[in-house]
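J.: structure for this input, please:
(one chain, ligands or ions: 2)
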Amino acid sequence: MENFKVGELPSVYYIPDFVTAEQERKLIDQIHAAPRTKWRELKGRRLQYWGGMVHEKGMIPEPVPKWLEGVLTGIAAKTDMFPSPLNHVLINEYLPGQGIMPHQDGPMYYPVVAILSLGSPAVMRFTPRKSSSPHHPDDSQATTEPGTNLSSAVDSPSHSSSQEHTAANALASEASGLSGHSDSSAAAQASCQETGQTANVMQNGTADSGKSVFSKFEDQLGFTGARKPSHCSVVLMPRSLLIFKDEAYTDHLHGIDESMEHEIDETVVNLPALEIPGFLDVEQRSFLPSLGGESLPQTVPRLGPRLSLTCRHVLKVRKAMFRIR
Ligand SMILES: O=C(O)CCC(=O)C(=O)O
Ligand SMILES: [Fe+2]
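T.: Ligands and ions are numbered 1, 2, ... in the order given. Modelled structure (predicted):
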C-alpha cells in the first residue's frame, strides 16, 4: 500500500483504476437497479446505505447484497488495511454541482475509510479541523443515514467540536455475521499491474526520465510548488479507490465543493491522475474544446453524475432481532 500513498498528510492513499470500466458499469447498473425506496433524498445529493442502519447503540445488521460484498472483500483483500470485514457501504450520488460539506466520519466506524469512485470525476479536499468551525447539519446525514432515527446527539448544535459525526462514544465491539470471501470479487479482480506503475510515479514523484513528475505537472499548471502538507486535495477519478486514516481521518475534515468545476490547485497531491487516459471521456471532452491531448486541464468539470461507495467497518453491531421476508 505504501506505493499508493499520496501527499504528506498522514495517511491518504489513492489507487487508480481499482476496478475496470466493465466492473464500473456493472456496479452503476446494480446501484440503479436498487428499489427506489433505497434512495434517501438529501438537500444536495441522494444516497443509499447497505449493511444496516447505523445507530449510536450499534448497527442493526442487514445482509449486504452479493455485488457489494464482492467490492468489500476485494478492498479488504487488496489493501490489507481493515482488521475486520467491512460491513457498511454508503452510496452517494452527486449530480453536477452537488457535493458534500466538510465533515468528519466520526466514531461509529473503525477509523479507516475506503471510497470507490464511479462516473464523473471530482476533487475531495482535506482541511484541518478547527474546533470553532460551524456545525453543518447536513454532515451528520452524510454518514449516519438520514431518516433512520439517529440520535439527537448527532444533530445537536451544542455538540462539542461541531462538524464531527459524533453520534456516540467510540465503540469497541467487533462486528459479527459477515464472513469474508477472498475470491470472486469484482474488485479483487481489478487490474493491479497497470496501477502499480502509476502509483509508483505518484508516490516517488519521479518518472523514468528522472524528471520529477510533480514538477512536470506543476510547471504545466504554473504552480510554485508550495504545497502545505495540512491542506490536501485528491482528484477522485472514476474507478479509483481512495483510502484515508490517521490524521486525515481524525484531525481533518473532508468534503467536495458544491460547484460545477473543481479547481486543480496546488493542494492536489495526485496530479499524475490527470494524465491517465480517460480523465475525461470523449463525450466530456467535446464540451471542452480547449482540452487538447497534451495540455492539462486547470479544473475538473462536473459534467455528469458521480457515484461513490464509502466502505467502512461499523464497530458496534447488534444482533438482528428478526427479519421479515
Ligand atoms: O463521495 C465521496 O467521495 C465522499 C463521501 C463521504 O465523505 C462520506 O460518505 O462520508
Ligand atoms: Fe465522509
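J.: helices and strands of the chain: which one has the lowest mean pLDDT?
T.: Every helix and strand in the chain was compared by mean pLDDT, DSSP states H and E; the lowest is helix 152-155, with a mean of 27.
J.: strands of the stretch 1-150 of the chain, start to end?
T.: Secondary structure of the stretch 1-150 of the chain, counting by DSSP state E, counting those that start in this stretch: strands at 12-15, 40-41, 46-50, 52-53, 60-61, 88-94, 100-103, 112-119, 122-128.
J.: how about the longest one, does it reach ligand 1?
T.: Yes: Strand 112-119 reaches ligand 1 (C-beta under 6 Å from any ligand atom) through Ile115. Every residue, glycine included, has its C-beta placed from N, CA and C.
J.: same question, the first one
T.: No: applying C-beta under 6 Å from any ligand atom, one finds strand 12-15 out of contact with ligand 1, separated by at least 12.1 Å.
J.: could you list the residues in contact with that strand?
T.: Strand 12-15 is touched from outside by 1, 4-6, 78-79, 126, 195, 199, 202, 232, 234, 240-244, 248, 269-270, 273, with contacts defined as C-beta atoms under 8 Å, 6 or more residues apart in numbering.
J.: related to what we said a few turns ago, export the strands of the stretch 1-150 of the chain as TSV, with columns for mean neighbour count and mean pLDDT.
T.: Shown next, in TSV, are the strands of the stretch 1-150 of the chain (neighbours: other C-beta atoms under 10 Å; pLDDT from 0 to 100):
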stretch	mean neighbour count	mean pLDDT
strand 12-15	27	96
strand 40-41	12	95
strand 46-50	21	97
strand 52-53	21	93
strand 60-61	18	92
strand 88-94	23	98
strand 100-103	22	96
strand 112-119	24	97
strand 122-128	21	96
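J.: could the ones you listed go into CSV alongside distance to Thr73?
T.: Putting the strands of the stretch 1-150 of the chain into CSV (distance: least, C-beta to C-beta, whole Å) gives the following:
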stretch, distance to Thr73
strand 12-15, 16
strand 40-41, 25
strand 46-50, 14
strand 52-53, 17
strand 60-61, 16
strand 88-94, 12
strand 100-103, 26
strand 112-119, 12
strand 122-128, 24
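J.: to Gln23, which of those strands lies closest?
T.: Comparison of the strands of the stretch 1-150 of the chain against Gln23 by C-beta to C-beta identifies strand 112-119 as nearest, at 9.4 Å.
J.: packing partners of that closest one?
T.: Applying 3 or more C-beta pairs under 8 Å, 6 or more residues apart in numbering; DSSP states H and E, we find strand 112-119 packed against helix 21-33, helix 66-79, strand 241-245, strand 306-312.
J.: can you list the strands that it pairs with?
T.: Paired neighbours of strand 112-119 in the sheet (DSSP bridges): strand 241-245 (antiparallel), strand 306-312 (antiparallel).
J.: buried set for stretch 69-83?
T.: 69-79, 81-82 (16 or more other C-beta atoms under 10 Å).
J.: let me fix that, I meant to ask about stretch 247-255.
T.: Neighbour-count burial for stretch 247-255 flags 247-249, 252-255 (criterion: 16+ other C-beta under 10 Å).
J.: narrow the residues you listed to those in helices?
T.: Mapping those onto helices (DSSP state H) picks out 247-249.
J.: ligand 1 contacts on the chain?
T.: 90, 92, 100, 105, 115, 124, 142-143, 236, 254, 308, 310.
J.: of these, closest to Ser11?
T.: The closest of the residues of the chain next to ligand 1, once distances to Ser11 are taken by C-beta to C-beta, is His254, at 13.1 Å.
J.: show me the contacts for that closest one.
T.: Counting by C-beta under 8 Å, 6+ apart, His254 has contacts 102-104, 124-127, 244, 248.
J.: Thr267 and ligand 1: what is the separation?
T.: Shown here: Thr267 relative to ligand 1, a distance of 16 Å by C-beta to the nearest ligand atom, to the nearest Å.
J.: so what's Leu309 closest to, chain neighbours aside?
T.: Leaving aside its sequence neighbours, Leu309 sits nearest to Leu116 (C-beta to C-beta, 6 or more residues apart in numbering; 4.3 Å).
J.: what residues are bridge-paired with the one you found?
T.: Leu116 has these beta-bridge partners by DSSP bridges: Leu241, Leu309.
J.: count the residues that sit near Gln298.
T.: Number of residues near Gln298 (other C-beta atoms under 10 Å) recorded here: 14.
J.: quick check: it touching His262?
T.: No: using C-beta atoms under 8 Å, Gln298 is not in contact with His262, being 10.3 Å away.
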